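Engineer: I'd like to go over a predicted model; first the sequence, then the structure.
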Amino acid sequence: METNDIDLLLKVKSLLDNKNYSESAEHVSSVSEPVVTYKKLKTNDIRYFSEAEQKKINIASEQYEKGEFISNEEAQIELEKWFREQEK
């Protein structure tokens, strides 16, 4: 088969090169998250978080340590209240 789709070709090349894929500047993806990186070790595959993912994890950890969170039960109550308000 033949294609001139640069993003598709880059994906195929990255699979063949066993490297991380990055999209061309001309193509805007519908997913805003960066591509996930896995590194092959002798025993297991380990996922390395991107800088953006690690930043989100760090922020969430800090919020948790400061007590800036609600329980699942509280979240469910808030969601139910919000849904009821939307139905009005």
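Structural biologist: Ah, there it is. Numbers count the residues shown, from 1 in each chain.
Engineer: now residue 76: how far from residue 88?
Structural biologist: 20 Å (CB to CB, to the nearest Å). All C-beta spots, glycine's among them, are computed from the backbone N, C-alpha and C.
Engineer: same drill for these two, tell me which one is more crowded.
Structural biologist: residue 76 (11 against 4; other CB atoms under 10 Å).
Engineer: for the more buried one, give me its contacts.
Structural biologist: Neighbour list for residue 76: empty [criterion: CB atoms under 8 Å, 6 or more residues apart in numbering].
Engineer: where does pLDDT dip in this protein?
Structural biologist: Applying pLDDT under 70 to the chain picks out residues 1, 18-45.
Engineer: which stretches in it count as helices?
Structural biologist: Counting by DSSP state H, one finds helices in the chain at the ranges 6-17, 51-65, 72-87.
Engineer: alpha carbons of the shortest one, as PDB, please.
Structural biologist: Included here for helix 6-17 are C-alpha records, laid out as PDB according to Å, rounded to 0.1, in the frame of the first residue of the first chain:
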ATOM      1  CA  ILE A   6       3.600  12.100   7.200                       C
ATOM      2  CA  ASP A   7       2.200  11.300  10.600                       C
ATOM      3  CA  LEU A   8       1.400   7.700   9.700                       C
ATOM      4  CA  LEU A   9       4.800   7.300   8.200                       C
ATOM      5  CA  LEU A  10       6.400   8.700  11.300                       C
ATOM      6  CA  LYS A  11       4.400   6.300  13.500                       C
ATOM      7  CA  VAL A  12       5.500   3.300  11.300                       C
ATOM      8  CA  LYS A  13       9.100   4.500  11.300                       C
ATOM      9  CA  SER A  14       9.100   4.900  15.100                       C
ATOM     10  CA  LEU A  15       7.700   1.400  15.500                       C
ATOM     11  CA  LEU A  16      10.500   0.100  13.300                       C
ATOM     12  CA  ASP A  17      13.100   2.100  15.100                       C
END
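Engineer: which other helices and strands contact it?
Structural biologist: Helices and strands touching helix 6-17, by 3 or more CB pairs under 8 Å, 6 or more residues apart in numbering; DSSP states H and E: there are none.
Engineer: run a quick neighbour tally on residue 53.
Structural biologist: With other CB under 10 Å as criterion, residue 53 counts 14.
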